[in-house]
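Q: have a look; sequence and predicted model below, questions after that.
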Amino acid sequence: MTAPCPASPRRIIVAITGASGAVYGARLVEMLGDLPEVETHLVITAGARRTLAYETAIDPDSIASSAAVTYREDDLAAAISSGSFRTEGMIIAPCSIKTLSGIANCYDDNLVVRAADVVLKERRRLALLVRETPLHALHLRLMSEVTSAGAIVVPPVPAFYHHPKTVDDIVNQTVGRTLDLFGFDTGVVERWGGSKRAARRAQDFRRFREGS
């Protein structure tokens, strides 16, 4: 009897752009690296490298080490620039307004925008952690345009029902909920369990604050 072929890896593209909040992309790649069935294809832009240096102590090379494949942002001949290269979809975390505009207008002048364009045309899932505030009408129009094309706009707005105690708690919840959209359960999401459970958590949180 012929042994069954092993299941193909679940490929997902991750791009980190130069918007504030580069830690979201770094944590995303880290979490995906802990999932043995996932093959992460990563693009870190030059702007993202600068933002990582401004905002964190994270070495971009350490992020890349958690991915299966990394690409330069100017490599428009990369595998992920073609629809024939099969993936589950793409997450851009964080997504700058410049990148959002490029996607909305199909201005494929770098690999991040080209890969996102491919994901949309192949009807795959695209999640954009758009990081900007406040928003003006043109920002909102761009978000509406990409949503109409099939993307999911996921602003990294913190949740508080789980009573986060650290910045890491906030980042993990947002990243975990984003990965939920692709069917990846990392075990870090604090899920809503109803008002009674929320009341118990609030009580535990008050005790934590009083003891600190």
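A: Perfect, I can see it now.

Q: residue ranges for the strands of this protein, please.
A: Along the chain, the segments classed as strands by DSSP state E run 10-16, 38-44, 69-71, 89-95, 125-130, 152-153.

Q: most neighbours per residue, which of those strands?
A: Counting by mean count of other CB atoms under 10 Å, strand 89-95 has the highest mean neighbour count of the strands of the chain, with a mean of 28. All C-beta atoms are positioned from the backbone trio N, CA, C, and that covers glycine.

Q: relative to that strand, what are the paired strands and their orientations?
A: If you go by DSSP bridges, strand 89-95 pairs up with strand 10-16 (parallel), strand 125-130 (parallel).

Q: any chance of those strands in TSV, with mean pLDDT and distance to residue 114 too?
A: Below are the strands paired with strand 89-95 laid out as TSV (pLDDT from 0 to 100; distance: least, CB to CB, whole Å):
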stretch	mean pLDDT	distance to residue 114
strand 10-16	97	11
strand 125-130	98	13
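
Q: can you redo those strands as CSV with distance to residue 180?
A: Below are the strands paired with strand 89-95 laid out as CSV (distance: least, CB to CB, whole Å):
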stretch, distance to residue 180
strand 10-16, 13
strand 125-130, 10
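
Q: which one of those strands lies closest to residue 78?
A: Of all the strands paired with strand 89-95, strand 10-16 sits nearest to residue 78, with 10.0 Å by CB to CB.

Q: check contacts around residue 21.
A: Neighbour list for residue 21: 55, 93, 94, 129, 131, 156 [criterion: CB atoms under 8 Å, 6 or more residues apart in numbering].

Q: could you dump those residues to TSV with distance to residue 16?
A: TSV is the format used below for these (distance: CB to CB, whole Å):
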residue	distance to residue 16
55	12
93	6
94	7
129	10
131	11
156	13
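
Q: of all those residues, which comes closest to residue 182?
A: Closest to residue 182, out of all of the contacts of residue 21 and judged by CB to CB, is residue 93, at 12.3 Å.

Q: quick one: the closest one and residue 14 touch, right?
A: Yes: using CB atoms under 8 Å, residue 93 is in contact with residue 14, at 7.0 Å.
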